[in-house]
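*Asks:* show me how the following folds:
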Amino acid sequence: MTEFKLKNNVRIVTYGMAALFMFFLAIQNYRYGFYELVYTASLLIPLLSFGIIFTYAQRYIEIKDYTHQILLALMVMLIAININDESTNAIHWIYPIGLLSYLILPFKAANNFNGIALSLITLIIFYIQGVYSGLLFFTSYLLISGIAGVFAYLHHHKSRSLIELSLHDALTGAYNMKHLDDTLTKEISRSDVTGNALSLIALKIDYFEQFTELNGNKANKEVVIELSKMLGGIIRAGDSHYFSEGSPFYLFLPNTPQEGVLIMAERVRRTIEESNWSSLDSMTVSIGCTTSLNNMATAKSLRDEVHNALQDAETNGHNRVNHHTQ
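*Replies:* Sure thing, here's the model as predicted:
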């Protein structure tokens, strides 16, 4: 499961539990005669339900939007309408909305949302209930949201560290094959919408099996690490490189047509051929590349096609670039 799908699942569960909580809260307020809060809860439930529907609809498409911020802002506004000088019940509803934001929004967006909500509601309470009530709410909300923010910050950075470890090959530091498939799937969907071409390169060190037999696995690893560092320095901003033990290196080039990928592939081949290496006198690579020009491409079909191009480059004499168009 990708990070994006996991995040969406958390949002769906969070919205669902909040909607269920509001349903029981509406029943409880009805029993005690707080009818205005019953109406507010009845309006919050559809907003939370819309959050579930919207999140579910976006589960396969990762796009930036402000829908979740708007939903939470509407919830705060509905609760603010019920703040009066006779009861503090409505004020208590603001606290769970603040906590909810850290589960639904990105960390920075949640901080901004809570800062705005804190300022707005404090001003309303100052005006309606007086300075003492406003200061009481300000300090309590600041304390609760601050604690939640600290835990969210720690969780965010720990999650990012674990995610980074899961996406990278331990030996070379390049991205691994699972991340390549996820990236290809996402970028193919984007390419279908924008119409921009995308290209994939596979490269393999010529006669590397014979080199490993002669020099051992230690020299093998040193060469692979050194090559990975070089590839990381050659690729452009926005491009990425991938490796998995037993597989060739891959370079993914979004928004790159056939002419662009051929220029990049030849540049890589020539740079490797002309470079000095610590574990061997010289090195050449065979390179296969492919460009997706239709809406029928998949991550698997792109990888299969680039493998065919790589095999043709090796069959035709090594140290060359071969391109297949899908």
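*Asks:* where exactly do the strands run in this protein?
*Replies:* Assigned by DSSP state E, the chain shows strands spanning 198-205, 240-242, 249-253, 285-292, 321-325.
*Asks:* so which of those gets nearest Asn308?
*Replies:* Nearest to Asn308 among these is strand 321-325; the distance by Cβ to Cβ comes to 5.9 Å. To be clear about C-beta, it is placed using only N, CA and C from the backbone, and glycine gets the same treatment.
*Asks:* hmm, who's touching that closest one?
*Replies:* Residues outside strand 321-325 that contact it (Cβ atoms under 8 Å, 6 or more residues apart in numbering) are 258, 261-262, 265-266, 269, 286-291, 293, 305-306, 308-310, 312-313, 316.
*Asks:* drop anything exposed from these.
*Replies:* Buried subset of these (neighbour count, 16 or more other Cβ atoms under 10 Å): 258, 261-262, 265, 269, 286-291, 293, 305-306, 309-310, 313.
*Asks:* can you tell me which residues contact Ser286?
*Replies:* By Cβ under 8 Å, 6+ apart, the contact set of Ser286 is 203-204, 206, 310, 313-314, 318-320, 322.
*Asks:* quick one: contacts for the closest residue to it other than its chain neighbours?
*Replies:* Using Cβ to Cβ, 6 or more residues apart in numbering and skipping residues adjacent in sequence, the residue nearest Ser286 is Ala313, 4.1 Å away. Residues in contact with Ala313 (Cβ under 8 Å, 6+ apart) are 286-288, 320-322.
*Asks:* export the residues you listed to CSV and tack on distance to Ala18 and pLDDT?
*Replies:* Shown next, in CSV, are those (distance: Cβ to Cβ, whole Å; pLDDT from 0 to 100):
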residue, distance to Ala18, pLDDT
Ser286, 56, 94
Ile287, 52, 94
Gly288, 51, 94
Arg320, 59, 93
Val321, 55, 93
Asn322, 55, 92
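*Asks:* can you add distance to Ser119 and give those back as a markdown table?
*Replies:* Formatted as a markdown table, these follow (distance: Cβ to Cβ, whole Å):
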| residue | distance to Ser119 |
| --- | --- |
| Ser286 | 62 |
| Ile287 | 57 |
| Gly288 | 58 |
| Arg320 | 64 |
| Val321 | 59 |
| Asn322 | 61 |
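*Asks:* in those, find the pair that's most separated.
*Replies:* For the contacts of Ala313, and using Cβ to Cβ, no pair is farther apart than Gly288 and Arg320, which are 9.8 Å apart.
*Asks:* report the separation between Ser244 and Tyr127.
*Replies:* To Tyr127, Ser244 is 62 Å away according to Cβ to Cβ, to the nearest Å.
*Asks:* comparing those two, which residue is more hemmed in?
*Replies:* More crowded of Ser244 and Tyr127, by other Cβ atoms under 10 Å: Ser244, with 18 against 11.
*Asks:* quick check: phi and psi on the more buried one?
*Replies:* phi -140, psi 140 (degrees, to the nearest 10).
*Asks:* identify the residues contacting it.
*Replies:* Applying Cβ under 8 Å, 6+ apart to Ser244 gives the contacts 169, 176-177.
*Asks:* which residues of the stretch 201-326 of the chain fall in helices?
*Replies:* 208-234, 258-274, 299-315 (DSSP state H, counting those that start in this stretch).
*Asks:* with the stretch 1-150 of the chain instead?
*Replies:* 3-31, 35-57, 67-81, 89-92, 94-104, 107-129, 131-167.
*Asks:* point out the most buried one among those.
*Replies:* Comparing the helices of the stretch 1-150 of the chain on average neighbours per residue, with mean count of other Cβ atoms under 10 Å, the densest one is helix 94-104 at a mean of 20.
*Asks:* check which helices and strands it is in contact with.
*Replies:* helix 3-31, helix 67-81, helix 107-129, helix 131-167 (3 or more Cβ pairs under 8 Å, 6 or more residues apart in numbering; DSSP states H and E).
*Asks:* send the alpha carbons of that helix over as CSV?
*Replies:* The C-alpha trace of helix 94-104 is given here as CSV (Å, rounded to 0.1, in the frame of the first residue of the first chain):
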residue,chain,number,x,y,z
ILE,A,94,-14.2,23.3,18.7
TYR,A,95,-11.6,21.1,20.4
PRO,A,96,-12.2,17.8,18.6
ILE,A,97,-12.3,19.7,15.2
GLY,A,98,-8.8,21.0,16.0
LEU,A,99,-7.6,17.4,16.8
LEU,A,100,-9.4,16.1,13.7
SER,A,101,-7.3,18.5,11.5
TYR,A,102,-4.1,16.8,12.5
LEU,A,103,-5.4,13.4,11.2
ILE,A,104,-6.9,14.8,8.0
